[in-house]
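J.: the following block contains a protein sequence and its predicted model.
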Amino acid sequence: MLISYNTRSSSWRRAIKDISEGTFGTFFWFHLAWQDINLRYSRSMIGPFWITISMGIMVGAMGPLYGRLFHQPTGQYLQYLAVSFATWMFISNQIIESCKAFISASEFIHQVKLPLTVHLHRVLTRNIIIFGHNLLVVIVVLFFFPPTQFIPVLLAPVGLFMVLLNLTWIGIVLSTLSARFRDIPLMVASVIQLAFFLTPIVWKRDLLADSGYRLVADGNMLYHFMEVIRAPLIGQYPAAFSWAFVGISSLLGWTLALSLFRRFRSRVAYWV
Amino acid sequence: MDFPLYSGGANRSIKKVIARAATGGILGRDSHERVVVRALNSISFDVQEGDRVGLVGHNGSGKSTLLRLIAGIYEPTQGSIAVKGSVTSMLSISMGIEKEATGLENIYLRGRLVGIPPRKMRAMIDEIVDFAGLGDYLHLPLRTYSSGMAMRLAFAVSTSIEADIILMDEWLSVGDAEFVEKAKRRLGKMVNGARVVILASHNRKLLESQCNKIIRLDHGNISEYSEISPADQSSQPVQ
């Protein structure tokens, strides 16, 4: 339902209105996300838990072997691997799916006036719910191999919030551009696939020590996103550099996203 | 209002756009001139509280596009539009329908789309189910419904609200005779409570009997704008 609008108002105002109304004015995205999840449950016995089970199997199978390959004590490595997988699957799927957020909502966009942000939040919430499913594996592993200190664990929600802030601006940029250029989703998928190998997920950053290759991790935005969620969960404090990186990327990223959104928000209905 | 048409793969591919820019057009040369369809041209009019506006015109004249513009779905490429009040657009029967979800879930879903929160919807469920004649189908997925049932459900939910500004497109004239009778009354009630109604139709007679302003569209241009005094209007209900 649309209440009062005027295209003579500034495009900044309309862009901000879209984001604020889409996030706080309506919680439609929350219901749509749960509907998406329920529909995944509806025709199969276990629904999204299939993903959880497959993740559990991967951790269980890879854990001991790769732990041996990287000369890591099994318990510690299993912790690391379980958290890494759950977090990476969340971040990577979110980035890839957010490309198509507007494209897959094209019918909605052509029929109902809703803030575009609603479609983005739907995708994000859906992935958060699935992340929640996968955290079950993490909880099981952490039960057998608890984190060494408990205080850092309290930082995990903070890290998650910072990552969500970043994923949102990334979503705005990618979905808007993908509505116009349809090869972007594929390019993003390829980049993410490559990033899996270039980011410390299966291996630990420590292995790079101070070698020239440490930039592969330290300059890698995705690595820092992972760290602020992963490190607390295994009982370590994320490096200050990671916090700084995540903070600065959200500032710069939001600036970029807002300028892009202001300029092209009204074009999305034409592109999609 | 101009619709861009991105024909061919080259205009939708960022790789090709970059290749063209980087090599001065040697690589990736396809038609990079955007074809543009002017759906609406030089449209200008005011609608005040109490107006019932009828949009008439051939298929493709821009009626639905204009309604979508007023609904806020598209923003004009040139010029501006100002809308004051809550708009309920009944433009498309399949708006927000989720085929895999049940009838009940779709009622809530569609209700949210026209601005009815679930708590309010709960009170209206029985009346809607009764009006639409869904019976036991309520808890079955929408893909099992006949098209008539699906339409009745959509219609029932869309006409449950009180709106300031109602936008209606022609699908409302679909349905069997028995339903059309019921629909007339329900729609009439809703229309009477609204401040502004904008209705698009092929049927000029219908519009003349219901509306106080008629706008005729021809290939995106207003070819006629007439006002009808109340004395000339008959007292037939909508449809």
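T.: The structure has been received and is ready for your questions.
J.: what about residue 167, helix or strand, and which?
T.: No chain specified, so I'll use chain A. Per DSSP states H and E: A:Leu167 is located in helix A:156-180.
J.: actually, chain B is the one I wanted.
T.: Going by DSSP H and E, B:Leu167 is in strand B:165-168.
J.: is any residue of that strand near chain A?
T.: No - counting by Cβ under 8 Å from any Cβ of the partner chain, chain A is not contacted by strand B:165-168; separation bottoms out at 8.7 Å. All C-beta spots, glycine's among them, are computed from the backbone N, C-alpha and C.
J.: quick one: strands adjacent to that strand?
T.: Partners of strand B:165-168 in the sheet, by DSSP bridges, are strand B:82-90 (parallel), strand B:196-201 (parallel).
J.: for the residue nearest in space to the middle of chain A, which non-adjacent residue is spatially closest?
T.: With distances taken as Cα atoms, centre = their mean, A:Ile91 lies nearest the centre of chain A, 3.1 Å away. Leaving aside its chain neighbours, A:Ile91 sits nearest to A:Phe225 (5.7 Å; criterion: Cβ to Cβ, 6 or more residues apart in numbering or on different chains).
J.: ok, that neighbour - contacts?
T.: Contacts for A:Phe225 were tallied using Cβ atoms under 8 Å, 6 or more residues apart in numbering or on different chains; they are A:91, A:163, A:166-167, A:246.
J.: now swap in A:Leu155 and tell me
T.: So A:Leu155 contacts A:228, A:231-232, A:237-238 (Cβ under 8 Å, 6+ apart).
J.: please name the nearest non-neighbouring residue to residue 133.
T.: Went with chain A since none was named. A:His133 sits nearest to A:Thr52 (Cβ to Cβ, 6+ apart), 4.7 Å away.
J.: chain B was what I was after
T.: Leaving out its chain neighbours, the residue that sits closest to B:Gly133 by Cβ to Cβ, 6+ apart is B:Arg152, at 6.5 Å.
J.: distance of that neighbour from chain A?
T.: Separation of B:Arg152 from chain A (Cβ to the nearest Cβ, to the nearest Å): 19 Å.
J.: in chain B, which helix or strand is least confident?
T.: Across the helices and strands of chain B, mean pLDDT, DSSP states H and E gives its lowest value to helix B:14-22, namely a mean of 75.
J.: report whether that one contacts chain A.
T.: Yes - Helix B:14-22 reaches chain A (Cβ under 8 Å from any Cβ) through B:14-15, B:17.
J.: a markdown table for the residues you listed, including neighbour count?
T.: Listed next are these as a markdown table, based on neighbours: other Cβ atoms under 10 Å in any protein chain shown:
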| residue | neighbour count |
| --- | --- |
| B:Ile14 | 15 |
| B:Lys15 | 14 |
| B:Val17 | 17 |
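J.: from those residues, pick the one nearest chain A.
T.: The shortest gap between chain A and any of the residues of helix B:14-22 next to chain A belongs to B:Ile14, at 3.8 Å (Cβ to the nearest Cβ).
J.: who are the contact partners of the closest residue to the closest one other than its chain neighbours?
T.: Spatial nearest neighbour of B:Ile14, chain neighbours left out: A:Phe181 (3.8 Å); criterion: Cβ to Cβ, 6+ apart. Contacts for A:Phe181 were tallied using Cβ under 8 Å, 6+ apart; they are B:12-14, B:17.
J.: what helix or strand is the residue nearest to B:Pro118 when sequence neighbours are not counted on?
T.: Once flanking residues are discounted, B:Pro118 sits nearest to B:Tyr108: 5.5 Å by Cβ to Cβ, 6+ apart. Under the criterion of DSSP H and E, B:Tyr108 resides in helix B:103-113.
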